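Visitor: Quick one, what's the 3D model for this:
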Amino acid sequence: MTVRLLTNIGRLWTGTDVCSNAAVLIHDDRIVWAGPASDLPQSVPGVIDDIVDVDHVENLGGGLVTPGLIDAHSHPVYAGNRWAELAMRTSGSSHSAIAAAGGGVNSTVTVTRGTDPWTLCNGVRERLRQWILAGTTTVEAKTGYHLTRDGELADIRLLRSLEGEPSMPRIHATFLAAHILPPEFFGRRRDYIEAVRLWAGDAAAAGADSIDVYCDEGHFTAEEARILLLTGKRAGLKARMHACANERIGAAQVAAEVGCASADLLTQANDDDIKALAHAGVTATVCPGSALNSSRPPAPVRQMLERGVTVALGTDHNPGQCGITSMPLVIGLSVAMYGLSVTEALRAATLGGAAALRVGDRGSLAPGMMADIVLWDADHEGAFAWAFGLRALRVWRGGVPVQA
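Guide: Next up is the predicted model:
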């Protein structure tokens, strides 16, 4: 058993409170005490008899410390890139022209299917490494670029295996076979939906935490999403949904009806949608990075907060639209795009993310919580709104320093 004391914390943002000249006491992978250094107890029953006997004392130089950040929406399991497609899009090419040139989600599916597992795993590992070095200690990671039973299950197992490696973030694996209709099922839509329903139990057995459905024009309908999400819930998976990203086709209402853990993107959500999410206790996960690529107004985040909806943040890292792996950048963008205060944005990137993933052991620095902690290159959280990618100086996952 290891006891670690972090001292000389200039400003400690716990998720619920702020204190100056603070300290944090860690026992193995959990926080046992956090607060002003002047109140540090001499002993903690069952942990340490005398504070002078701690195994490790680390002086943090008067810096800012927060909980590890939580990315509540990402798509990191893929091979290849679609940079040429992005260049076409920014030059005014239509979706149909891009598809005719071999672009779109199915182009990533083709490349991912043709990539050997070793290469795919190495690519995902390198991406996840960028997250944790930037201060993100938990990542929600979706499958969705194999769209076959064996490929999707292999992706889930890949994520579970990477999570066990040193210096990787914690992973919340989401089964997203209902991403888009794969080309081999053209004209057989019902067959594919039935196939995904059959795979849901296997996904849970392979280690998936959630099931997601992309409910939007060109993807899956609200009724199809309802069927798939309820099947996933019966298999023991939490439900989440890509909702109202481009069009309002009833996705947010289904998310509320089904009791999703989160409804994500929500660019086109209106007040009725927000009321339904609030009433059902569905977390709204918004992704300013990918929203920057949309010509539509940003998601109505202020209205969500005023209605009592818990808001989480995600990078929406994916190969076709957004390459962000920095949650500090997402926090800065959220302040600029949604009019959030720094405190609101930080809360969405910590406690909000924990709510979206339905995990109660992270997102704040309090006794009993996971010791996922970040020391930042700043002495005040206001720096998140200034730096647009504030640098993490040191990261602890479960009380263990992550090596750069």
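
Visitor: From here on, just use CA atoms for contacts and neighbour counts.
Guide: Noted.

Visitor: Let me know whether Arg127 touches Tyr78 as I believe.
Guide: No. The pair Arg127 and Tyr78 fails to qualify as a contact (CA atoms under 8 Å) at a distance of 10.3 Å.

Visitor: of these two, who's got more company?
Guide: Tyr78 (24 against 17; other CA atoms under 10 Å).

Visitor: quick one, phi/psi of that one?
Guide: Dihedral pair for Tyr78: phi -160, psi 170, per degrees, to the nearest 10.

Visitor: Would you quantify the distance from it to His172?
Guide: For Tyr78, the distance to His172 (CA to CA, to the nearest Å) stands at 16 Å.

Visitor: Repeat that for Glu140.
Guide: For Glu140 relative to His172 (CA to CA), the value is 4 Å.

Visitor: Can you pull the residues that touch both of these two?
Guide: Applying CA atoms under 8 Å, 6 or more residues apart in numbering, one finds that Glu140 and His172 are jointly contacted by Leu357.

Visitor: Could you list the low-pLDDT ranges of the stretch 251-400 of the chain?
Guide: Counting by pLDDT under 70, not a single residue of the stretch 251-400 of the chain qualifies.

Visitor: ok, which stretches of it are strands?
Guide: Remark: strands assigned in the stretch 251-400 of the chain by DSSP state E, counting those that start in this stretch are 262-265, 283-286, 311-313, 373-376, 392-397, 400-401.

Visitor: right, so these: which one is the most enclosed?
Guide: Highest mean neighbour count among the strands of the stretch 251-400 of the chain (mean count of other CA atoms under 10 Å): strand 283-286, with a mean of 32.

Visitor: For that strand, which strands pair with it and how are they oriented?
Guide: Here strand 283-286 is paired, per DSSP bridges, with strand 262-265 (parallel), strand 311-313 (parallel).

Visitor: now what about that strand, what contacts it?
Guide: Strand 283-286 is contacted by residues 72-73, 261-266, 277, 299, 301, 304, 309-314, 352-353, 355-356 when judged by CA under 8 Å, 6+ apart.

Visitor: Same question for stretch 391-400.
Guide: Here stretch 391-400 has contacts from 4, 26-30, 68, 132-135, 137, 167, 169, 328, 370-377, 401-402, using CA under 8 Å, 6+ apart.

Visitor: could you flag which of the residues you listed are buried?
Guide: Buried members of the contacts of stretch 391-400, scored by 16 or more other CA atoms under 10 Å, are 4, 26-30, 68, 132-135, 137, 167, 169, 328, 370-377, 402.

Visitor: Mind checking which of those land in helices?
Guide: Judged by DSSP state H, the buried ones among the contacts of stretch 391-400 include Ile132, Leu133, Pro328 as members of helices.

Visitor: Confirm for me that the second one is in contact with Ala404.
Guide: Yes. At 6.8 Å, Leu133 counts as touching Ala404 under the criterion of CA under 8 Å.

Visitor: Tell me, how many residues neighbour the closest residue to Asn318 other than its chain neighbours?
Guide: Distance criterion CA to CA, 6 or more residues apart in numbering; nearest residue to Asn318, sequence neighbours excluded, is His75 at 5.0 Å. As a burial measure, His75 scores 22 neighbours (other CA under 10 Å).
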